[in-house]
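Student: Below are the sequence and a predicted model; questions follow.
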Amino acid sequence: MFLRKTHDISRLEAFSDAVFAFALTLLVVSLDVPKSYDQLMNLMSGFPAFACCFGVLLWIWYEHNLFFRRYGLQDPYTVFLNGALLFVVMFYVYPLKFMLDSGFAHFAPIGRQGVAPMTLAQLSNASAIYGLGFVALFVMFGLLYLHAYRKRHDLGLTPLEVFNVRSFAGQQIVSAAVGVIVVLIAVAAPRRYAFISPMAFILMWPAHTLYEMRIKKKRKALEARLPPEPASASAPS
C-alpha cells in the first residue's frame, strides 16, 4: 500500500466520517436499558450481528479513507461519486442489519425475539437486493480510482503510482464482480439453493488472493524496468 501524501482533513472527508459515524449509530442494538433478564438476553443475542455489521462498515470506511489519503481529490466529480457512495452506505444500513439478524436467528433462534428467519424465497430476494447494493458500492469506489487515474498528470503520479491506481481500481472491480455473482445466484438459481447466494461472498477471499498474486508479478516486472524512485515518493505494499 502507498499513501501519496498526508494532508489536512478536508470538509468532504469530515462530512463523510460524520455519515459513517451516523450509520454506525443506526446499528445500535437498543438504546433502552434492559429491565429484566429476558430483555438482557435478547439484547445480548443481537451482538453477533451487530459485530458483523460494525466490521463491514469499518471495512468500507477504511477503503474510503485510503482513497482520500492517497489522492485527496476534491473536484465536483469526486464530490458527486462520494455522495453517491455515502447514499448507498446509508440506504443499506438496515438491509445489512436485517440480513445478519435473520441469518443468526436461523442458526440460533433462542432468545431472538422479534427476528424471524427468512423463507428460501425471501432469502433469495433479500440476497439480490443486498447484492445490488454491494455492487453499487464498489462500482463507486472503482469510479473514484478511475477518476484518479484520469487525473494522474494533475496529481503528478509516477509510472509506478499510475500502475498502483489502476490496480486499486481493479481491486474494486473484483469486489463488484463477486457481488454480481451473488445477485445472479439469487435471481437465477432454484429457490431450494437460495442459501448459496449469501454464502457466495466467501469468493472475496480467493478472488482477491488471485488478483493480488497477478498484480504483484506485474508490479515487480515494472519495478525492474524503472529507475529507483526517491524513498518519499512511494511506499509500495
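Tutor: Noted; the coordinates are in hand.
Student: Could you break the chain into its assigned domains?
Tutor: Domain assignment for the chain by automatic domain parsing gives 10-97, 118-227.
Student: Same list (those) but as CSV, adding mean pLDDT.
Tutor: Formatted as CSV, those follow (pLDDT from 0 to 100):
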stretch, mean pLDDT
domain 10-97, 85
domain 118-227, 92
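Student: Distance to residue 104 and mean neighbour count for those domains - can I get that in TSV?
Tutor: The way it works is simple: take the backbone N, C-alpha and C, and place the C-beta from them, glycine included. Supplementary listing: the domains of the chain in TSV, determined by distance: least, C-beta to C-beta, whole Å; neighbours: other C-beta atoms under 10 Å:
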stretch	distance to residue 104	mean neighbour count
domain 10-97	5	15
domain 118-227	12	17
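Student: could you pull out the strands for this structure?
Tutor: Assigned by DSSP state E, the chain shows no strands.
Student: most distant residue from the middle of it?
Tutor: Distance from the C-alpha centroid of the chain, by C-alpha atoms, centre = their mean, peaks at residue 36 (37.1 Å).
Student: what's the distance between that residue and residue 42?
Tutor: Applying C-beta to C-beta, to the nearest Å, the value for residue 36 to residue 42 is 9 Å.
Student: Could you do residue 214 as well?
Tutor: Note on residue 214: its distance to residue 42, by C-beta to C-beta, is 47 Å.
Student: same deal with residue 216?
Tutor: Residue 216 sits 48 Å away from residue 42, taking C-beta to C-beta as the criterion.
Student: any idea which residue sits dead centre in the chain?
Tutor: Geometric centre of the chain, nearest residue: residue 60, 3.9 Å, by C-alpha atoms, centre = their mean.
Student: which residue sits closest to that residue in space, ignoring its chain neighbours?
Tutor: Closest residue to residue 60 apart from its sequence neighbours, by C-beta to C-beta, 6 or more residues apart in numbering: residue 89 at 6.3 Å.
Student: Also residue 100?
Tutor: That would be residue 49: by C-beta to C-beta, 6+ apart, it lies 3.9 Å from residue 100.
Student: do the same with residue 219
Tutor: Leaving aside its sequence neighbours, residue 219 sits nearest to residue 163 (C-beta to C-beta, 6+ apart; 6.4 Å).
Student: For residue 127, see how far away residue 197 is.
Tutor: Taking C-beta to C-beta, one finds residue 197 at 4 Å from residue 127.
Student: Same check on residue 207?
Tutor: Applying C-beta to C-beta, the value for residue 207 to residue 127 is 18 Å.
Student: Could you measure from residue 151 over to residue 74?
Tutor: Residue 151 sits 11 Å away from residue 74, taking C-beta to C-beta as the criterion.
Student: Next, the contact list for the residue nearest to the centre of the chain, please.
Tutor: The contact partners of residue 60, by C-beta atoms under 8 Å, 6 or more residues apart in numbering, come to 20, 89, 137.
Student: Turn those residues into JSON lines, including distance to residue 174.
Tutor: Output for the contacts of residue 60, formatted as JSON lines (distance: C-beta to C-beta, whole Å):
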{"residue": "20", "distance to residue 174": "23"}
{"residue": "89", "distance to residue 174": "20"}
{"residue": "137", "distance to residue 174": "13"}
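Student: If anything else comes up later, I'll come back, but that's it for now.
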